[in-house]
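**Student:** quick one: sequence and predicted model below, then my questions.
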Amino acid sequence: SNKGVVLKSADDNYKLNIRGYAQADSNFYADDAPLSSGEFDKFLIRRARLTFDGTLFKNVDFRIAPDFGGGQVRLFDAFVDLHYFTAASLMAGKFRQPVSLERMQTATNLTFIERAYPAQLAPNRDIGFMLHGAIAYPGYKAQYTPQPVFKEFIGYEVGVFNGVRDNQAVQNADRDTDNNKEVAARLFSHPFMHSGTALAGLGLGVAGTWGQPQQNALVSLVSAGQQAIVTYNGAATSSGEQYRIYPQMYWYWKTVGIMGEYLVSSQNLYNAGLNKHALQNNEAWHFNVSYMLTGENNSFFAIKPNKRFDPAAGSWGAWQLAARWSELNIDKSTFQNIGSVANPYSFASLSNSIRNAQSWALGVNWYLNDNLKLMTDYEETLFVGGAAGNTDRTTEQAVFSRVQVAF
Amino acid sequence: SNKGVVLKSADDNYKLNIRGYAQADSNFYADDAPLSSGEFDKFLIRRARLTFDGTLFKNVDFRIAPDFGGGQVRLFDAFVDLHYFTAASLMAGKFRQPVSLERMQTATNLTFIERAYPAQLAPNRDIGFMLHGAIAYPGYKAQYTPQPVFKEFIGYEVGVFNGVRDNQAVQNADRDTDNNKEVAARLFSHPFMHSGTALAGLGLGVAGTWGQPQQNALVSLVSAGQQAIVTYNGAATSSGEQYRIYPQMYWYWKTVGIMGEYLVSSQNLYNAGLNKHALQNNEAWHFNVSYMLTGENNSFFAIKPNKRFDPAAGSWGAWQLAARWSELNIDKSTFQNIGSVANPYSFASLSNSIRNAQSWALGVNWYLNDNLKLMTDYEETLFVGGAAGNTDRTTEQAVFSRVQVAF
Amino acid sequence: SNKGVVLKSADDNYKLNIRGYAQADSNFYADDAPLSSGEFDKFLIRRARLTFDGTLFKNVDFRIAPDFGGGQVRLFDAFVDLHYFTAASLMAGKFRQPVSLERMQTATNLTFIERAYPAQLAPNRDIGFMLHGAIAYPGYKAQYTPQPVFKEFIGYEVGVFNGVRDNQAVQNADRDTDNNKEVAARLFSHPFMHSGTALAGLGLGVAGTWGQPQQNALVSLVSAGQQAIVTYNGAATSSGEQYRIYPQMYWYWKTVGIMGEYLVSSQNLYNAGLNKHALQNNEAWHFNVSYMLTGENNSFFAIKPNKRFDPAAGSWGAWQLAARWSELNIDKSTFQNIGSVANPYSFASLSNSIRNAQSWALGVNWYLNDNLKLMTDYEETLFVGGAAGNTDRTTEQAVFSRVQVAF
């Protein structure tokens, strides 16, 4: 294989796979930010992951995967999965909550450098237990995978976790801050997978979370260009019922790929004294389309170049073009004055938080070989609100690029 | 082997072993804590360890082992051991101080999910140098091990270290805070190891530390359920002579295992101005007994199931029952008013710190195979003191469980 | 090989190398520091590095190397290098800026335990892009190396990076703090490498950086004994043109090794209001000489003992003696009063910052085998300024030692 090293015992009861990847990014903005804003043209290591996983006695999978990128050192995965039955495996530890489609796409396989708004508001890694399984098309046999199931007729996951806030980054201090847990579930199907038609690569699903956090602090939301665009009143928290719903789909047919998902995220905002309240229903969606210029099969998984980069042999690897439209709507209840005229109070201010962001992006991806991928995206974001005097923020224009090596 | 991968050079001069393990824990309490206490029902990654160790030119052992669990990323081991003579090896770097018996038991082999009070007050990893060796029963040959010696007639260790406070967690910022060093030593014997009698598995030892810290800050002590039960006056420190003594024993005979140790930890408490003083002699002990329901040999080391979990073949792995009694006594000098009536001063207050904690626990451990272990403990702790008005804290009732995979 | 494990695919398209090293240090001072100074006699893990690197499809090299020493966990290297042409490779990610000669010497191969003043003021790891290449002596063929080139007739590097401050440690939060980037370049040659004369091992080069930081905070400079000796006025920053120039040389001939470099580092200091300014030109240099007592070839790279330590066979490994002279001059503009008589202002005070430090050191290094190295240095530093009343600080006398294992 050209991805990772597999070390096995002779009786196949022990299998360890050592893999890793690094993403060296460049983020440049049309408008150079002032020193006070904290976002600059910069080079950064977006991710630097080492993954140790494998299989023990055929029915036990495990993974430990720390990440050294993003200016931090964090544990991303630490799980064990008992899979005596492909239709019902039990996973315990720290792993991805099975919610947003784009969030579940492995970071090395993303079509764009940064994920869109729905993935941003979805949980990333969390700690808990998950029952999951793959159900084959009648007459076929399902294959086990430790990750959320994407290659079978029907895949499902249902789990209980500590709980994750909207746009909460993966963290080490992953102990819970209240006694209540979060439930997440997903159902995904390729209804025509053995049809032999153009629809064979169509996947449809729906996922969601439900929980009752107690005074969970709120996290700022960021634009496509990774600049803070929604900053909550510092003392505000989320308490009581919180849910997210994610209808999601992709369709891969020959050189063409399409992915989209929609999100509604509902939570109850409270001030520090718990005597001021707003029900907040935020919405987000994204839709992207990509095309392999060099004729390869497009995929939710890793793209395999037909010929790897070798100028002497006249081969240049694989090239992909992509476009994306993405939108974020913040509930207007967030900005309403729920105090008095004399003592106004709102959960966020339109003078520094936006009500709506619309982003469009174009990308070019170059797969030199199975292990090396170069990406460049241009993304423009139009805002409603978010600037002094409740005016609209200046349109954001960002050029992001990435050199990614996976071994 | 089914623990780790061993990579060797052809001439055997180079051996690298890559191993790891993860512990996915659930901690639940009968009384749900209020948000202000900070301890909640939760899922957590207790440990996620990667270990790179091996042997160079037959006589040099090394280990580098970072841990990514417990909400932190920390270096646990980084040592080199020169073992030209089995009876006298020299270790340098960061490794376990050779003190508490239960602390020296590898975390994957523990009988209970959390160690008892004596181990809590003992040093964990520290940086320094250690002379250690194994002496065989007359007529036998001792085997070298890099870790504290537990398999020989006599094992000893004596080392000098930066010094560790009672209940100080393993840390990265492992530079010393004063010029004085701590000495630790241990002697352990299996007096009847080749007797062929039931006492062959009896081990007896004594260990201790001695140091003279200067204004070392004090660390809170925690209950069996990992909640803070002794919280020192913020400005108080330990200065001058500090020692710990640990008589310790275990006895493994067929399916039965017994382990116990006693501790007295003595230190001198001072206020910030160094003009108020109390000599504090804390005491702790624990005793546990375990029994293999499925007939395997009980052990201080890894338990090997006779048959691994395979329901189709009617085999269910190994099962172990365990019980523990553990107690912590805080010196009453800690609570005495050593100020005046008008300006009282004590090193801790009975209104939030306990004088005595007594814990009993029952545990069930399920070894599905050599690599996968499930544990569940119920532990109840009775307190003297520690609640408002110097009353007794409510009895703590905790259920901890663990899914552990080791590769 | 006795350094690391190399795992390959059968077709040689995939090569992964797993290596690591640990340094267990002891730092002791003739004068025991008071508790307030924060520098104590101590044991420490100076570095504990794991390195995963390799080659993909013959022309793509990569490395991910976290370090767990120095009381922190940090990503040191995360890069990919495209080397279709030995004379012009393109590297992207996080890696060493190609500036100071001693900084570019791998930490396991240093002659002294701590690098000298010029390396201290040079950039260490930074994130960016670098064009680099090796040019062979006419009639010879250059070999590719991912690191700065030291084995060829001519090696060059030129790169653009986020930018690094004088004595800024490698950090994880490696995003830039302004929009301007730093350029670094180096040219190094072995003009007589195929001459067959004593000068074959002579290397000469020059390197430098140039940037325009905006309000970059300043980092304290430290003595040979790692104690703070230059502490800037807290609000002072560096803004505008900043450059460093590093003429550098080494010469290895049989058992003898010589290394030296000179530095001038120029930056513009400003107060918080940006209305007080000083142009600061600091100077530093060092020169060291070493000698292999046991007859091995001295080297900028790893020393290979002729016979490894094996007392039974009467062989004792390799022994090296070394001496170093090193000096740091802080521009007097740093200490000038650029405020008024009534409201004086200077960027540092002679009462706690030195104007000049002169250090001499003697070292003994013992290479027991290719993997194990013991080092002991005695270093004495004389200061001008730096003590209360603008008097001279007491001469610093430090004994550092190291046990290093590399696998």
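**Tutor:** Looks like it came in fine.
**Student:** C-alpha only now, for contacts and for neighbours.
**Tutor:** Noted.
**Student:** neighbours of the residue of the stretch 1-150 of chain A found nearest chain C, how many?
**Tutor:** Across the stretch 1-150 of chain A, the shortest distance to chain C (CA to the nearest CA) belongs to A:Gly71, at 4.0 Å. Neighbour count for A:Gly71, taken as other CA atoms under 10 Å in any protein chain shown: 18.
**Student:** hang on, isn't it packed against A:Ala48?
**Tutor:** No - using CA atoms under 8 Å, A:Gly71 is not in contact with A:Ala48; the gap is 10.1 Å.
**Student:** OK, contacts around A:Gln23?
**Tutor:** When contacts are counted by CA atoms under 8 Å, 6 or more residues apart in numbering or on different chains, A:Gln23 touches A:45-48, A:402-405, C:93.
**Student:** excluding chain neighbours, what is closest to the residue in the stretch 251-400 of chain A positioned nearest to chain B?
**Tutor:** Closest contact between the stretch 251-400 of chain A and chain B, by CA to the nearest CA, is at A:Ala272 (13.2 Å). Excluding its sequence neighbours, the residue lying closest to A:Ala272 (CA to CA, 6 or more residues apart in numbering or on different chains) is A:Ala235, at 5.3 Å.
**Student:** now A:Arg63
**Tutor:** A:Asp53 (4.1 Å).
**Student:** can you list contacts of stretch A:98-115?
**Tutor:** Under CA under 8 Å, 6+ apart, the answer for stretch A:98-115 is A:21, A:96, A:116, A:118-119, A:122-124, A:148, A:157-158, A:184-186, A:207-209, A:224, A:246, A:248-249, A:261, A:290, A:300-303, A:322, A:363, A:365, A:375-377, A:400-402, A:404, A:406.
**Student:** low-confidence stretches in the stretch 101-250 of chain A?
**Tutor:** A:173-175 (pLDDT under 70).
**Student:** can you give me the strands in it?
**Tutor:** Using DSSP state E, counting those that start in this stretch, the strands of the stretch 101-250 of chain A run over residues A:125-135, A:154-161, A:182-189, A:202-211, A:216-217, A:221-222, A:228-230, A:237-238, A:242-253.
**Student:** ok, which of the ones you listed comes nearest chain B?
**Tutor:** Comparing the strands of the stretch 101-250 of chain A under CA to the nearest CA, the one sitting nearest is strand A:125-135, at 5.8 Å.
**Student:** now the angle from that closest one to strand A:154-161?
**Tutor:** 150 degrees (axes from the mean of the first three to the mean of the last three CA atoms, to 10 degrees).
**Student:** single out the most deeply packed of the strands of the stretch 101-250 of chain A.
**Tutor:** strand A:125-135 (a mean of 25; mean count of other CA atoms under 10 Å in any protein chain shown).
**Student:** okay, now the sheet partners of it, with direction.
**Tutor:** Counting by DSSP bridges, the strands paired with strand A:125-135 are strand A:88-96 (antiparallel), strand A:154-161 (antiparallel).
**Student:** point me to the residue of the stretch 301-407 of chain A nearest chain B.
**Tutor:** For the stretch 301-407 of chain A, CA to the nearest CA, closest residue to chain B: A:Phe407, 17.7 Å.
**Student:** for that residue, give me the pLDDT.
**Tutor:** For A:Phe407, the pLDDT comes out at 94.
**Student:** where's the residue positioned nearest the centre of chain A relative to chain B, distance?
**Tutor:** The residue lying closest to the centre of chain A (CA atoms, centre = their mean) is A:Arg103, at 2.2 Å. A:Arg103 sits at a distance of 22 Å from chain B (criterion: CA to the nearest CA, to the nearest Å).
**Student:** what does chain A put close to chain B?
**Tutor:** Residues of chain A found near chain B (CA under 8 Å from any CA of the partner chain) are A:7, A:9, A:13-14, A:16, A:56, A:62, A:64, A:66, A:73-75, A:78-80, A:92-94, A:127-128, A:161-162, A:171-180.
**Student:** returning to that earlier point: does the residue of the stretch 301-407 of chain A closest to chain B really touch A:Arg19, like I thought?
**Tutor:** Yes - at 5.6 Å, A:Phe407 and A:Arg19 qualify as touching, with contact defined as CA under 8 Å.
**Student:** which one's more surrounded, those two?
**Tutor:** A:Phe407 (26 against 19).
**Student:** the residue nearest to A:Arg63 touches A:Leu16, doesn't it?
**Tutor:** Yes - counting by CA under 8 Å, A:Asp53 touches A:Leu16, with 5.7 Å between them.
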